[in-house]
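Colleague: next come a sequence and a model predicted from it.
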Amino acid sequence: MAASHPPQRTHARLGTALTTAKLALFPVLLAQGLHVRRKAIELPEAEGARIGQALPKLPKQSGTDQPLRLLVVGDSSAAGVGVAHQREALAEPLAHGLAEELGRPVHWQLVARTGLTSLEALALLRETPVLGADLLVTALGVNDVVRQIPPSRTCRNLDALHDWAREQAGVRYWLHCGLPPMHRFPLLPVPLRWVLGGQAELLNRELQAHLGDQRDRALRRLPPTKPEKAGGGLIAEDGFHPGPQGYRLWAESITPFIARRWARLERNA
């Protein structure tokens, strides 16, 4: 049986390998990064309301009809870049899914903007009228990777966001959506794709270790999918954002997880 390695050692090895690769491939990575910026298709954020409510078709007889408040915060993926309307994106389908799973109304709000890093998301929240929330779901980290922000700093930024969410919005549970598999993004050429994919994986591992077994915060990764060409449904035509099937899979994969965690939190309250 192979010997297991402590998470910190594994993270350190991945971090060292990425640093070595970036130094060795710097001219190539720089050229590819500039090329990607020039050729990237700029898709708009999804249209539609960013505040709404979702009602269950069949309320649970033994449950409560007190609305659950959901706040979704994030970057372009949370904003729905890659689909036309919010009903095809993340926040609105997630609210409807939770309403069905929990058998109670869900009031939802979306605070998102293309290009946001973890620190910029906190700044946006501070200047946005937030209605209050029980649940927080975030889609953050990709821009931290693209801008080469160290994972440790991203974790500190997210901790600051957590403090704000609890104190200012009343959040009781937070689900961090794991970073997507950037090593499969069709937009990114090799070796840039490998390096950014490795950095995304490193941030996922660092955040998972950072969160540990906290009851009120968790990281949930997307289920693995087969690579596909841009525009095929899972990935938008820009080769970087989710397409309609990608968003649907995303919402469907985290809805039951959040519902179970919330039900457990209420039982133990």
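Modeller: Received, thanks. Just so it is clear, the structure is predicted and the values come from calculations on it, not from any experiment.
Colleague: from here on, contacts and neighbour counts on C-alpha atoms
Modeller: Fine.
Colleague: hmm, which helix or strand of this protein has the shakiest average pLDDT?
Modeller: Within the chain, no helix or strand scores below helix 7-24, which has a mean of 69 by mean pLDDT, DSSP states H and E.
Colleague: that helix: what's the following helix or strand?
Modeller: Going down the chain from helix 7-24, the next helix or strand is helix 26-39, by DSSP states H and E.
Colleague: helices or strands up against that following helix?
Modeller: Applying 3 or more Cα pairs under 8 Å, 6 or more residues apart in numbering; DSSP states H and E, one finds that helix 26-39 makes contact with helix 192-211.
Colleague: mean confidence for the helix it packs on?
Modeller: Here helix 192-211 scores 94 as its mean pLDDT.
Colleague: give me the contact list for the next helix or strand after that helix.
Modeller: Next along the chain after helix 192-211, taking DSSP H and E as the criterion, comes strand 217-220. By Cα atoms under 8 Å, 6 or more residues apart in numbering, the residues outside strand 217-220 that reach it are 173, 174, 175, 176, 177, 178, 207, 208, 211, 254.
Colleague: before we move on, which element is the last one in?
Modeller: This points to residue 254. helix 244-267.
Colleague: tell me the buried residues in that helix?
Modeller: Residues 244-256, 258-259, 261-262 are the ones in helix 244-267 that count as buried (16 or more other Cα atoms under 10 Å).
Colleague: kindly report the same for stretch 173-189.
Modeller: Buried residues in stretch 173-189, defined by neighbour count with 16+ other Cα under 10 Å: 173-189.
Colleague: for stretch 27-35, same thing?
Modeller: Buried residues in stretch 27-35 (16+ other Cα under 10 Å): 29, 32, 33.
Colleague: closest to residue 133 out of those?
Modeller: Of all these, the one with the least separation from residue 133 (Cα to Cα) is residue 33, at 38.0 Å.
Colleague: check contacts around the closest one.
Modeller: So residue 33 contacts residue 192 (Cα under 8 Å, 6+ apart).
Colleague: again, but for the one 4 residues further on
Modeller: Taking Cα under 8 Å, 6+ apart as the definition of contact, residue 37 has no neighbours.
Colleague: one more: residue 125?
Modeller: residue 111.
Colleague: pretty sure it sits in a helix.
Modeller: Yes: secondary structure of residue 125 (DSSP: H, G, I helix; E, B strand; the rest coil): part of a helix.
Colleague: okay, it: pLDDT?
Modeller: pLDDT, read off for residue 125, is 97.
Colleague: could you do the one 3 residues further on as well?
Modeller: The per-residue pLDDT reported for residue 128 equals 96.
Colleague: for the residue lying closest to it once chain neighbours are set aside, pull up the helix or strand it's in.
Modeller: Nearest residue to residue 128 in three dimensions, chain neighbours excluded: residue 111, at 7.8 Å (Cα to Cα, 6 or more residues apart in numbering). Assigned by DSSP H and E, residue 111 falls within strand 106-112.
Colleague: distance from the chain centre to that strand, please.
Modeller: Centroid separation between strand 106-112 and its chain, computed with Cα atoms, centre = their mean, to the nearest Å, is 14 Å.
Colleague: other residues contacting that strand?
Modeller: 50-55, 67-76, 78-79, 91-92, 95-96, 98-99, 121, 124-125, 128, 130-131.
Colleague: please pick the buried ones from those residues.
Modeller: Applying 16+ other Cα under 10 Å to the contacts of strand 106-112 flags 50, 53-55, 67-76, 78-79, 91-92, 95-96, 98-99, 121, 124-125 as buried.
Colleague: so which of those residues are in helices?
Modeller: Counted as lying in helices by DSSP state H, out of the buried ones among the contacts of strand 106-112, are 76, 78, 79, 91, 92, 95, 96, 98, 99, 121, 124, 125.
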